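Undergrad: When you get a sec, could you give me coordinates for this:
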Amino acid sequence: MQRALSSRVLIEQAEGVVAFTHTVDMEEAFAILRQYARDNGQWLVEVAEQVVNRTLDL
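TA: Got it, this is the predicted structure:
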């Protein structure tokens, strides 16, 4: 349960970063993250972690 909650928090933080940098709402930011993860064969939480740590610039 804690792992799932931590993952969700990380994804929400990444949504905030993407929303700010792309000037989109949170729903669109989530869609950008999800699409990038799908296109690159990565887990959503992995992409979120990279965005939050600034090792991935979408």
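
Undergrad: which phi and psi does the residue nearest the centre of the chain have?
TA: Nearest to the geometric centre of the chain sits Ala48, at 3.4 Å (C-alpha atoms, centre = their mean). Main-chain torsions, Ala48, degrees, to the nearest 10: phi -60, psi -40.

Undergrad: Could I get the contacting residues of it?
TA: 7, 10-11, 13-15, 33 (C-beta atoms under 8 Å, 6 or more residues apart in numbering). Quick note: C-beta positions are derived from backbone N, CA and C, even for glycine.

Undergrad: how does it look with 7 Å?
TA: Contact partners of Ala48, counting by C-beta atoms under 7 Å, 6 or more residues apart in numbering, are 10-11, 14, 33.

Undergrad: so where do the helices sit in this structure?
TA: Secondary structure of the chain by DSSP state H: the helices cover 2-22, 26-39, 44-52.

Undergrad: Pick the most deeply packed of these.
TA: helix 44-52 (a mean of 20; mean count of other C-beta atoms under 10 Å).

Undergrad: Give me the distance between that helix and the centre of its chain.
TA: 5 Å (C-alpha atoms, centre = their mean, to the nearest Å).

Undergrad: I'd like to know how far the closest residue to Trp43 other than its chain neighbours sits from Ala14.
TA: Counting by C-beta to C-beta, 6 or more residues apart in numbering, Ala37 is the residue found nearest to Trp43 once chain neighbours are left out, at 6.5 Å. For Ala37, the distance to Ala14 equals 10 Å [C-beta to C-beta, to the nearest Å].

Undergrad: Give the residues shared as contacts by the two.
TA: By C-beta under 7 Å, 6+ apart, no residue touches both Ala37 and Ala14.

Undergrad: which regions of this structure sit below the pLDDT cut-off?
TA: Judged against pLDDT under 70, the chain has no low-scoring part.

Undergrad: Let's see that with 80 instead.
TA: Across the chain, the ranges flagged by pLDDT under 80 are 1, 3-5.
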